[in-house]
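**Student:** Return atomic coordinates for the entry below.
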Amino acid sequence: LRSPSLVLALAGALYSETLPADPAELSARAAVAYRSGRITEARHLYESALAEQPRYGRALAGLGRIDAAEHRRIQAEQNLARAYQSHPQDPIVVKEYAAAVAHPSLEAVLLRRLINLPATPPDMRLYAQWRLTRQQHLAGRIVNQLRSPYQPYQVSMPVARADSFRPHGWFLRVSLMAARLALAPLAEATVGGFGEGHHQRARSMLATRLTIHQFELANVVVEVADQQFVEGIDGLIGTDLFSHFLITCNGRKKILELTPFPGHEGTEGAGDRPWAGLNPPPIAPGFVPYRRLGHLLILEDGQDESAQYVLDTGAGYTLIHEAVPSLNARPVNLIGASGGMVANRREMPIRLNFQGLPRYTGEVLTTHLSDVSAYFGVRLTGFLGFPLWHNRTLTLNPRNGSLRIGPGDNKVAFENQQLSLKR
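**Tutor:** Modelled structure (predicted):
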């Protein structure tokens, strides 16, 4: 005979499986999966939430965030617009939508709404105020606007040495058409990231012109901080400055190569949202996708989706998260945007495997990255620096978010609108 309690328990279990899932719970689980790097799982959970409630704002916003990170710009804006229509009072929805829209006027409307919503958290309100003030002072000027002809460029990139996180990174000799104190102020800001200290106050300022050899941009936003991040170097430059082009860093020749995209005039790569409103082209053979996390480029491990590495082209070391230092490790002092921290130099080399890319076997530094992960809101596994490609070519395609690491003698070119390799 069956126990009545067992029958009731089984019936309860079967009944619970037939109940519709709570979209709020599914979306919360999806957000955790996203922060942990499990993007496929996060997308599935958001889609499951929408299957239960098709207009659930948090789920639509989550899908929009993933689409934006994976360079599906039109789909991201559409999902976030639907989320906003359904939940215009949700600060998370409003912030995500404001971060994805292509038109500054619509972004300004959303930022004002975010500031005025009673439920907006203080840090989110400060972000909206900073962004809105910056936009007002720009007064319609397009940032990173190409002034020089849309043509190929080659720029020499000598190797710099300093006792910091970038001891062997590359640097560019850049001319800003203004002294540091004469830059036009835009808004108060903060900078932070790598390091054990707090993020520091900075000022968003506008350089009317930036020149690198023959390459020239207008209206470049510069974050000016009091702390010097790298000894002997005046500042750091991100790849967004060159988003108009296919970007190739030739480690063997120590040059930066910029290749125009066929059929374009260079205007689509300018602005705060480069290539906004355009669907990305297919990823070419030999290239692998990367995701965007703010200004960071995120590369996944070929065998573990949750392992998320930051591609830092200027970093002098490859740095891996390790909660407990290895035995016989040698300490190394590093400096980043959030101050200094101690890393450990492993005696044994490590092998990194990324699908579609050459294996890397070599020396790495290890440290705990919990504070850095908390700052960026996702769990980071490591930083991939200059040693990964120092004798190779690293090519970035900002239009579709893909990259390639190839032999140093290979050159990437376009043939009939498609990428190809030339020896």
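**Student:** After the longest helix anywhere in the chain, which helix or strand is next?
**Tutor:** The helix spanning the most residues in the chain, taking DSSP state H as the definition, is helix 122-138. The first helix or strand that comes after helix 122-138 along the chain, using DSSP states H and E, is strand 145-146.
**Student:** Mind giving me the packing neighbours of that following strand?
**Tutor:** Judged by 3 or more Cβ pairs under 8 Å, 6 or more residues apart in numbering; DSSP states H and E, the packing partners of strand 145-146 are strand 215-225. C-beta: built from backbone N, CA, C; applies to glycine.
**Student:** and the strand it packs on, what's its mean pLDDT?
**Tutor:** For strand 215-225, mean pLDDT rounds to 85.
**Student:** The helix or strand following it to strand 215-225, inter-axis angle?
**Tutor:** Next helix or strand after strand 215-225 toward the C-terminus (DSSP H and E): strand 245-250. Counting by axes from the mean of the first three to the mean of the last three Cα atoms, to 10 degrees, strand 245-250 lies at 80 degrees to strand 215-225.
**Student:** which regions of this protein sit below the pLDDT cut-off?
**Tutor:** Residues of the chain meeting the criterion pLDDT under 70: 1-20, 158-182, 191-199, 227-236, 302, 323-329, 335-339, 347-362, 408-423.
**Student:** can you pull out the helices in it?
**Tutor:** 4-18, 23-35, 39-52, 57-69, 73-86, 91-100, 104-116, 122-138, 370-376.
**Student:** And the third one, what's buried?
**Tutor:** When neighbours are counted by 16 or more other Cβ atoms under 10 Å, the buried residues of helix 39-52 are found to be Ile39, Glu41, Ala42, Arg43, Leu45, Tyr46, Ser48, Ala49, Leu50.
**Student:** Run through the residues that contact the closest residue to the second one other than its chain neighbours.
**Tutor:** In other words, Glu41. Using Cβ to Cβ, 6 or more residues apart in numbering and skipping residues adjacent in sequence, the residue nearest Glu41 is Ala33, 4.4 Å away. Ala33 makes contact with Ile39, Glu41, Ala42, Leu45 under the criterion Cβ atoms under 8 Å, 6 or more residues apart in numbering.
**Student:** Could you point out which of those is nearest to Leu26?
**Tutor:** The closest of those to Leu26 turns out to be Leu45 (Cβ to Cβ; 5.1 Å).
**Student:** Identify the residues contacting the closest one.
**Tutor:** Leu45 neighbours (Cβ under 8 Å, 6+ apart): Leu26, Ser27, Arg29, Ala30, Ala33.
**Student:** And the strands in the stretch 201-350 of the chain?
**Tutor:** With strands called from DSSP state E, counting those that start in this stretch, the stretch 201-350 of the chain shows them at 215-225, 245-250, 255-260, 288-289, 291-293, 296-300, 308-311, 319-321, 330-336, 339-345, 350-352.
**Student:** and Ile247, how far is that from Phe383?
**Tutor:** 19 Å (Cβ to Cβ, to the nearest Å).
**Student:** still on that earlier bit, export the helices of the chain to a markdown table and tack on distance to Ile405?
**Tutor:** Shown next, in a markdown table, are these (distance: least, Cβ to Cβ, whole Å):
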| stretch | distance to Ile405 |
| --- | --- |
| helix 4-18 | 47 |
| helix 23-35 | 26 |
| helix 39-52 | 22 |
| helix 57-69 | 21 |
| helix 73-86 | 25 |
| helix 91-100 | 29 |
| helix 104-116 | 35 |
| helix 122-138 | 34 |
| helix 370-376 | 23 |
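**Student:** do you know which of these lies nearest Glu268?
**Tutor:** Relative to Glu268, the nearest member of the helices of the chain by Cβ to Cβ is helix 73-86, separated by 11.0 Å.
**Student:** got the contact list for the closest one?
**Tutor:** For helix 73-86, the surrounding residues in contact (Cβ under 8 Å, 6+ apart) are 55-61, 63-65, 67-68, 90, 93-94, 96-97, 100-102, 110, 273, 275-280.
**Student:** and the strands of the stretch 201-350 of the chain as TSV, adding mean neighbour count and distance to Leu114?
**Tutor:** Formatted as TSV, these follow (neighbours: other Cβ atoms under 10 Å; distance: least, Cβ to Cβ, whole Å):
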stretch	mean neighbour count	distance to Leu114
strand 215-225	18	21
strand 245-250	22	33
strand 255-260	19	36
strand 288-289	18	30
strand 291-293	16	20
strand 296-300	21	23
strand 308-311	23	27
strand 319-321	23	33
strand 330-336	17	29
strand 339-345	17	30
strand 350-352	15	39
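**Student:** Same list, the ones you listed, but as CSV with distance to Ala119 please.
**Tutor:** Shown next, in CSV, are the strands of the stretch 201-350 of the chain (distance: least, Cβ to Cβ, whole Å):
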stretch, distance to Ala119
strand 215-225, 29
strand 245-250, 40
strand 255-260, 44
strand 288-289, 35
strand 291-293, 25
strand 296-300, 28
strand 308-311, 30
strand 319-321, 34
strand 330-336, 33
strand 339-345, 33
strand 350-352, 42
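**Student:** can you tell me which of those strands comes nearest to Ala374?
**Tutor:** Closest among those, once you apply Cβ to Cβ, is strand 319-321, at 12.5 Å.
**Student:** what helices or strands is the closest one leaning on?
**Tutor:** Going by 3+ Cβ pairs under 8 Å, 6+ apart, strand 319-321 lies up against strand 365-367, strand 382-384.
**Student:** mind listing what the last one pairs with, with the direction of each?
**Tutor:** Strand 382-384 sits in its sheet next to strand 308-311 (parallel), strand 319-321 (antiparallel), going by DSSP bridges.
**Student:** same thing with the first one?
**Tutor:** Sheet pairing of strand 365-367 (DSSP bridges) gives strand 319-321 (parallel), strand 339-345 (antiparallel).
**Student:** just how off-centre is the last one within its chain?
**Tutor:** Going back to what we said before, that points to strand 339-345. The chain centroid and the centroid of strand 339-345 are separated by 23 Å under Cα atoms, centre = their mean, to the nearest Å.
**Student:** Then stretch 96-115?
**Tutor:** 20 Å.
**Student:** contacting residues around that stretch?
**Tutor:** 61, 64-65, 68, 73, 76-77, 80-81, 83-84, 88, 91, 94-95, 120, 124-125, 128-129, 131-132, 135-136, 140, 272-273, 276-277.
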